[in-house]
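Peer 1: Below: sequence and its predicted model.
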Amino acid sequence: MKAWRALLLLSVLLLGGCLVTFKEPIAAQEAAPAQLLGQWSRIDEYGEEQFLEISRNGDNRYRAFSYFDDSGNTDSAEDLPFTVTHHGQRWYFSAGLPKSQGGNFVLAGFEITDKDELVIYNLDVEQILQGLDKGALQGQKVDSEQGPGALVNSPLDKVFAYLDDPANADVFVEALRFQRVPQKESP
């Protein structure tokens with residue numbers, strides 16, 4: 001599988017193929033919450049168990065390694081480097097797209113619930129396009145084979161101000177929900 005497919009784990013591609021991308025990534029200046037690290041799993045839309053291992057990949061850089069089978073078969077493995085930031089009430093992650101997909105960055109929200117679930121929130125393309133039309137954000141509509149998308153070129157400070165505004169709370173859509181995989185005890 002191509003590396004960009006790892007975004008299927010973390011993006012709106014699961015919800016219809018449309019994507020919001022950004023010109024700027026999140027700078028690697030902030031550490032992720034410690035409870036983000038570790039192994040997570042979920043049952044995907046095809047009934048297959050999907051695993052997600054999140055680990056450090058340098059100073060304030062992380063890696064999401066996903067696979068669909070725990071038998072050691074790496075054909076389904078996908079590796080996605082990312083950075084994080086905490087802004088307002090939310091945590092965000094940013095990951096780069098390959099040049100074949102525009103070379104920009106995807107941005108999504110995440111939280112770890114009291115039930116030890118990792119919930120990934122994507123940005124609703126229609127809401128972002130409305131923000132562009134109203135001038136709240138700068139960017140453009142992007143058409144692709146998957147449908148309409150948005151490329152936002154506003155500075156991240158302006159993007160976070162827009163996302164933090166309670167009037168824009170409906171811009172977040174739950175995309176994925178993972179459960180923590182219990183650690184096996186050593187004999």
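Peer 2: Good, I have the coordinates.
Peer 1: for the helix or strand containing E174, packing partners?
Peer 2: Here E174, judged by DSSP states H and E, is contained in strand 172-180. Here strand 172-180 touches helix 7-10, strand 38-43, strand 117-123, going by 3 or more Cβ pairs under 8 Å, 6 or more residues apart in numbering; DSSP states H and E. Glycine gets a C-beta too; all of them are placed from N, C-alpha and C.
Peer 1: ok, and for that strand, which residues are buried?
Peer 2: In terms of neighbour count (16 or more other Cβ atoms under 10 Å), strand 172-180 has its buried residues at 172-173, 175-176, 178.
Peer 1: Can you show me the helices along the chain?
Peer 2: Taking DSSP state H to define them, one finds helices in the chain at 7-10, 125-133, 156-164.
Peer 1: can you tell which of the ones you listed is closest to I26?
Peer 2: Closest to I26 of the helices of the chain, according to Cβ to Cβ: helix 156-164, at 6.9 Å.
Peer 1: Isn't S94 up against L107?
Peer 2: Yes: between S94 and L107 there is a contact under Cβ atoms under 8 Å: 5.1 Å.
Peer 1: shared neighbours of these two, anything?
Peer 2: Jointly contacting S94 and L107 under the rule Cβ atoms under 8 Å, 6 or more residues apart in numbering are 22, 26.
Peer 1: of the two, who's got more company?
Peer 2: Using other Cβ atoms under 10 Å as the criterion, S94 and L107 rank with L107 on top: 26 against 19.
Peer 1: That one contacts Y121, correct?
Peer 2: No: the pair L107 / Y121 is not scored as a contact, 10.4 Å apart, by Cβ under 8 Å.
Peer 1: Now for the two: what residues contact both?
Peer 2: Common neighbours of L107 and Y121, using Cβ under 8 Å, 6+ apart, do not exist here.
Peer 1: follow-up on the earlier one: give me whichever of the helices of the chain is most buried.
Peer 2: helix 7-10 (a mean of 22; mean count of other Cβ atoms under 10 Å).
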